[in-house]
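Predicted structure and sequence below. I'll ask about it afterward.
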Amino acid sequence: MKRTLLFFILTVFFVNLSVVEAKEAKDAQGIAYYKAGFPQVAKPLLLKEYNMDSLTRSESCFYLGNIYFGEQKPDSAAIFFKRGLSGKENVLNTIGLAMLKIKSDQKSADQEIQNVLNLKSSKKNQDYFIAAANAYLVNGLIDQATIYLEKAKTIKPKYALTAVLAGDIELAKKDVGNACSNYEMAILYDENCKEAYVKYARAYRDVNKALAIDMLNKLKAKEPSFLLTDKELADIYYVTNEFDKAADLYGSYMKSGNISSADLLRYAMTLFFNHEFAKSLEIANAGHLKSPRNPAFNRLVMYNNTDLKQYDEAIKSADLLFNQSDKPDYNYLDYRYYGQALRETKKFDLAIIEYKKAIEMDSSKIDLWKDISDMYNDNSDYKNAIANYLTYEHLLAADKQTADVSYELGRLYYSLGNSAKDSALVKKGALLKADSVFTKVVTLDPTNYRGYIWRARTNFSMDPETLQGLAKPFYEQTIPIVELKKDPRYNPVIVECCRYLGYYFYLKKDFTESKMYWNKILAIDPANEMAKNAIDGIDKSLKGKK
């Protein structure tokens, strides 16, 4: 559950920043990454290439325009499409501009696309018809996209990118099988068509994970240096909670160099879910340096410090999350982790405040009421400990209201009944309540000694001088249950019972019975001074009678 919630919480802040694969540096690398199916990875490289490479500038403009269109930034898309008109790929950029107006003025857009494709230089270029088809496809017009797909096929039937387009159209129709058949056809036409491998894997990722992984492994075997394959594989393992595999692959991918904040975040999250808290903290801190106001990094720094028991550091990092983050969109775990760090540093009052905030965020986390009760108990505030524990008990489902739950409540009442700072009346009421709760424990779990021993201790607190013998029957009931265990770990319980009963019968002048219990103690602990002194006193009393 924790993993599922954290996945949702942290991926909200998975910003679309990208990487540069230093080991794969080539001319027009951004264009290559875009064509491989990684537009966000390509984006910063395309921007760099736009400024530095005049030969590919017009093409870079077209792909940047498409990326901004996908980000729902039509104004930025239009800027780049217009800039690209002055270059050799002016046809593509004209199609890009038409794409922007398809939804608002389709008739005009249709005419502009037809005009540019009717140019003599365009008629035999299948890539232009593919671009036109994509312009309609991204606007949800599948039929129009199909028309241009068929025209592209007539120009070059066995062309990998035409097959990829056919797959995209089938995928838009939600026909994964036919889509992937087309992607396989694209690979048949061109085994170096990375986009086909990647799109096949993405299409099958949620349908048949094994097929998706197999296809990516084929690409990895074919081109090991293309580290984006590791990232794609890691993403699959990440969403299926196979964090150990995902962590290894992300680690391999990180070696590419010039990693973005988004990559650092996903890697840090993977390590966190894999319980590699120290490494996750290292990566999260690196991400914080890149994006100091990113709440996801600040959140992970606090979480990891807490899980590493570095509570002072966790409290410091909580300040980053709660006071120095942009749009943090807090969740219950934020308050729970912060509360835990405060709790472990004995700042109970502050910790309780955070735990209550966590409950406000998610009232289903009823165990937090018990945590609050425990903190009040640790602070010797037994009244509030009981009040919050009763809330916890009330919210528990009927099948979870076990002897264990009642036992803990009884212990709280017992502590209040023995509190030095409360009045005699309050303490008596608490002890009566404790006895009632421990009676319930005996009923729910009659073969366990704990209900009996705690009834004995509670009644002893109400009769400390042992004059009424209130605890006697419960100590007597405890002994045979514990003796059956034949376990030395329970010897202290037997000693406690025998000490009380030995003293009780001594007061009643039943020396034979008293001596029997003291001898039981000596059988367990031959050096027990209390038992030896008691027996010595009994023997002297018996001699005096003679």
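Done, it's in.

what residue ranges in the protein score low on pLDDT?
In the predicted model of the chain, residues 1-27, 257-258, 544-546 satisfy pLDDT under 70.

Kindly recompute the last result at 80.
Within the chain, the stretches with pLDDT under 80 are 1-28, 256-260, 542-546.

what does stretch 526-544 contact?
Contact partners of stretch 526-544, identified using Cβ atoms under 8 Å, 6 or more residues apart in numbering, comprise 495, 499, 502-503, 506, 511, 514-515, 518-519, 521-522, 525. (C-beta placed from N, C-alpha, C; glycine too.)

which one of these has the most neighbours?
residue 518 (26 neighbours; other Cβ atoms under 10 Å).

Now compare the contacts of stretch 526-544 and name the two farthest from each other.
511 and 525 (21.0 Å; Cβ to Cβ).

mind checking the SS state of residue 259?
coil (DSSP: H, G, I helix; E, B strand; the rest coil).

what does residue 139 give?
coil.

Is it in contact with residue 103, as I believe?
Yes - using Cβ atoms under 8 Å, residue 139 is in contact with residue 103, at 5.7 Å.

In the stretch 51-200 of the chain, mark out all the helices, start to finish.
57-70, 74-83, 90-101, 106-117, 126-137, 142-155, 160-172, 176-189, 194-204 (DSSP state H, counting those that start in this stretch).

what's the longest helix along the chain packed up against?
If you go by DSSP state H, the chain has its longest helix at helix 424-444. Under the contact criterion of 3 or more Cβ pairs under 8 Å, 6 or more residues apart in numbering; DSSP states H and E, helix 424-444 touches helix 403-417, helix 450-462.

can you redo those as CSV with mean neighbour count and distance to residue 473?
Shown next, in CSV, are the helices and strands packed on helix 424-444 (neighbours: other Cβ atoms under 10 Å; distance: least, Cβ to Cβ, whole Å):
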stretch, mean neighbour count, distance to residue 473
helix 403-417, 21, 17
helix 450-462, 23, 8
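
now those as JSON lines including distance to residue 382?
Formatted as JSON lines, those follow (distance: least, Cβ to Cβ, whole Å):
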{"stretch": "helix 403-417", "distance to residue 382": "4"}
{"stretch": "helix 450-462", "distance to residue 382": "14"}
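
So which of these is nearest residue 245?
Checking those against residue 245 by Cβ to Cβ gives helix 403-417 as the closest, at 37.6 Å.

what's the angle between that closest one and helix 424-444?
Angle of helix 403-417 versus helix 424-444, following axes from the mean of the first three to the mean of the last three Cα atoms, to 10 degrees, is 160 degrees.

How far off centre is helix 403-417?
Remark: helix 403-417 is offset 33 Å from the chain centroid, using Cα atoms, centre = their mean, to the nearest Å.

and it with helix 450-462, angle?
Inter-element angle recorded for helix 403-417 and helix 450-462: 10 degrees (by the same axes, to 10 degrees).

tell me what helix 403-417 is packed against?
Helix 403-417 packs on helix 367-378, helix 382-395, helix 424-444, helix 450-462, going by 3+ Cβ pairs under 8 Å, 6+ apart.

what's the most buried one of those helices?
Mean neighbour count (mean count of other Cβ atoms under 10 Å) peaks for helix 450-462 among these, with a mean of 23.

Which positions in the next helix or strand after that helix come out as buried?
Next in sequence after helix 450-462, counting helices and strands by DSSP states H and E, comes helix 472-483. For helix 472-483, burial by neighbour count (16 or more other Cβ atoms under 10 Å) applies to 472, 474, 475, 477, 478, 479, 481, 482.

Residue 348 touches residue 378, doesn't it?
Yes - taking Cβ under 8 Å as the definition, residue 348 is a contact partner of residue 378 at 6.4 Å.

residue contacts, residue 457?
With contacts defined as Cβ under 8 Å, 6+ apart, residue 457 is in contact with 414, 471.

Could you check how far stretch 226-233 is from the centre of its chain?
Here stretch 226-233 is found 23 Å from its chain centre; the criterion is Cα atoms, centre = their mean.

Looking at residue 139 and residue 103, which is more packed in?
A count of neighbours by other Cβ under 10 Å puts residue 139 above the other of residue 139 and residue 103, at 18 against 12.

who are the neighbours in contact with the nearest residue to that one once chain neighbours are set aside?
Nearest non-adjacent residue to residue 139, counting by Cβ to Cβ, 6 or more residues apart in numbering: residue 102, 4.5 Å away. By Cβ under 8 Å, 6+ apart, the residues touching residue 102 are 109, 135, 136, 139, 141.

wait, residue 414 sits on residue 460?
No - using Cβ under 8 Å, residue 414 is not in contact with residue 460, being 10.6 Å away.

Indicate which one of the helices and strands packed on helix 403-417 is closest to residue 150.
Comparison of these against residue 150 by Cβ to Cβ identifies helix 367-378 as nearest, at 60.9 Å.

coming back round to it: any chance of the contacts of stretch 526-544 in JSON lines, with distance to residue 216 and secondary structure too?
Formatted as JSON lines, the contacts of stretch 526-544 follow (distance: Cβ to Cβ, whole Å; DSSP: H, G, I helix; E, B strand; the rest coil):
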{"residue": "495", "distance to residue 216": "66", "secondary structure": "helix"}
{"residue": "499", "distance to residue 216": "71", "secondary structure": "helix"}
{"residue": "502", "distance to residue 216": "76", "secondary structure": "helix"}
{"residue": "503", "distance to residue 216": "76", "secondary structure": "helix"}
{"residue": "506", "distance to residue 216": "81", "secondary structure": "helix"}
{"residue": "511", "distance to residue 216": "85", "secondary structure": "helix"}
{"residue": "514", "distance to residue 216": "80", "secondary structure": "helix"}
{"residue": "515", "distance to residue 216": "81", "secondary structure": "helix"}
{"residue": "518", "distance to residue 216": "76", "secondary structure": "helix"}
{"residue": "519", "distance to residue 216": "76", "secondary structure": "helix"}
{"residue": "521", "distance to residue 216": "71", "secondary structure": "helix"}
{"residue": "522", "distance to residue 216": "74", "secondary structure": "helix"}
{"residue": "525", "distance to residue 216": "68", "secondary structure": "coil"}
